[in-house]
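# Whatever this is, show me its structure:
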Amino acid sequence: MFFVLSGGQGGNNKSPSIGNNSGLLEKVIMKIANGADDVNNMRQYSKQLIKKFDKDNDGFISINELT
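Residues are numbered from 1 along each chain as shown. A predicted model of the protein is given here:
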């Protein structure tokens, strides 16, 4: 996940890279991690993340949608 968020190749490249901005990276990771303790499995949590953050309903969560 860090590799994709930090601008590495892979994942959905429609979002801007957050590069070396560690404050923004920490904010994004905290948003993703928040609520993980309330679910039983990763599949369920992934579905909840998409539903919560995919504002444009394209099936992907972009950096823009998390910031």
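
# contacts and neighbour counts: CA atoms only from here.
Noted.

# Centroid-wise, who is the farthest residue in this structure?
Asn40 (19.2 Å; CA atoms, centre = their mean).

# so what does the helix or strand where Leu25 lies touch, helix or strand wise?
Taking DSSP states H and E as the criterion, Leu25 maps to helix 22-33. Applying 3 or more CA pairs under 8 Å, 6 or more residues apart in numbering; DSSP states H and E, we find helix 22-33 packed against helix 63-66.

# for the helix it packs on, packing partners?
helix 22-33.

# can you give me the offset of the helix holding Leu25 from its chain's centre?
Its chain's average C-alpha position is 8 Å from that of helix 22-33, according to CA atoms, centre = their mean, to the nearest Å.

# quick one: average confidence on that helix?
In this model, helix 22-33 has an average pLDDT of 84.

# Helix 22-33 and the following helix or strand past it, what's the angle between them?
Toward the C-terminus, helix 22-33 is succeeded by helix 42-53 as the next helix or strand (DSSP H and E). Angle, helix 42-53 to helix 22-33, by axes from the mean of the first three to the mean of the last three CA atoms, to 10 degrees: 120 degrees.

# quick one: contacts of helix 42-53?
Ile32, Ala36, Val39, Gly59, Phe60, Ile61, Glu65, Leu66 (CA atoms under 8 Å, 6 or more residues apart in numbering).

# So among those residues, which ones count as buried?
Ala36, Phe60, Ile61, Leu66 (16 or more other CA atoms under 10 Å).
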